[in-house]
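> predicted structure and sequence below. I'll ask about it afterward.
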Amino acid sequence: MKIEENYSLEKHNTFHLPVKTRWFMEYADEEELGRILRDEYFQECLSLHIGGGSNLLFINDFNGIVLHSQIKGIFVVEETDDSVLLRIGAAEIWDDVVAYAVSKGWGGIENLSHIPGEAGAAAVQNIGAYGTEVKDVIEKVEAYNQLTFEKRTFTNEECLYDYRHSFFKNEHNDPYIVTYIYIRLNKKPRFSVNYGNLKEELSKYPEITLQTVRDAVISIRRQKLPDPKELGNAGSFFMNPVIPVGRYEKLKERFPDMPSYSAGEGKVKVPAGWLIEQCGFRGKSHGAVGVYEKQALVLVNLGEAKGHEIALVAESIRTAVYDQFGIEIMPEVKYVG
């Protein structure tokens, strides 16, 4: 177990904000996690569990305890002629999991390549890209209740998955810490490649395979999104808003070029990046905060930005989009502090 006081979180958030936490605790297994949760001092403190920090915006230093998992491992727990069930430690790097699955010829998560973060956070956030969400393959999730110390296994249905949402993100629920996720992958892959510009990118390849889909997704993401190692960012800062079809059709009369994707019966998803770009933010900088020139969904730290400065730019974007379109866009990033 690792315990550090006044610990810098700069390497634990992809905005590279130089914030600190009063205490940082890193556990190697479920036994160590249980010891932390039962500690009286821990129970008295404000606490935050983080993964790779790719979906966090620290407004200030964190006056409490930041927890981080080092539970790793990818284990085959069930295998048939058609599928394989994997148990994955929450601290496994998500893209390493995707690369491993593709190398084995197991399909279902190749569209989720090159998404930063860890496996546990992927299940909490219900990450998604190019018509695929991680909920599509999650069979169950193991988690610990921070208040009762009890371990519980959630079925997919009990995770209450929705667009970029799960039971674990609802702050009104008892706080749970995910330790393992189970995903079922197909040995006979069924490709989903008709979303956005993925089909166009794949036309450059001689055939569609798990590896070429992964390569195409990585190529697109590298073209559109900055590398957090080079330019601090949290990927897509906003979620794509979902609105009724009738409302979209009325907006379409005023904005004929407004794109959309089906979001279930009677609803459509409007790309938030397009909305932001129409408001003139793409490629603009506001002090040390920038809106990425290749993708308006992405806010970037140009060097010395503070968390509250990024939040102010985000709020100005939300206001402008609402004023022009009457659509409220919500942050995908979690604000801390």
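Good, I have the coordinates.
> in the lengthiest helix in the chain, what's buried?
Using DSSP state H to define each element, the chain has its longest helix at helix 307-325. Using 16 or more other CB atoms under 10 Å as the test for burial, helix 307-325 gives 307, 309-311, 313-314, 317-318, 320-321, 325. For every residue, glycine as well, the C-beta is placed using N, CA and C.
> could I get those as a markdown table with pLDDT and distance to N55?
Shown next, in a markdown table, are the buried residues of helix 307-325 (pLDDT from 0 to 100; distance: CB to CB, whole Å):
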| residue | pLDDT | distance to N55 |
| --- | --- | --- |
| G307 | 97 | 14 |
| E309 | 97 | 19 |
| I310 | 98 | 13 |
| A311 | 97 | 14 |
| V313 | 98 | 17 |
| A314 | 98 | 14 |
| I317 | 98 | 18 |
| R318 | 98 | 17 |
| A320 | 98 | 23 |
| V321 | 98 | 21 |
| F325 | 98 | 25 |
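> what two of those are the furthest from one another?
Largest separation among the buried residues of helix 307-325 by CB to CB: G307 and F325, giving 27.2 Å.
> not counting residues beside it along the chain, what's closest to H16?
Among residues not flanking H16 along the chain, G232 sits closest, at 3.9 Å (CB to CB, 6 or more residues apart in numbering).
> who touches that neighbour in this structure?
G232 makes contact with 14-17, 300-301, 305, according to CB atoms under 8 Å, 6 or more residues apart in numbering.
> now do K252
Counting by CB under 8 Å, 6+ apart, K252 makes contact with M258.
> show me what the longest helix of the chain is packed against.
Counting contacts by 3 or more CB pairs under 8 Å, 6 or more residues apart in numbering; DSSP states H and E, helix 307-325 is packed against strand 56-58, helix 272-278, strand 285-286, strand 289-291, strand 299-301.
> mind checking pLDDT for the nearest residue to N194 once chain neighbours are set aside?
In this structure, N194 finds its nearest non-sequential neighbour in G131, 7.2 Å apart by CB to CB, 6+ apart. We have a pLDDT of 87 for G131.
> good, wrapping up.
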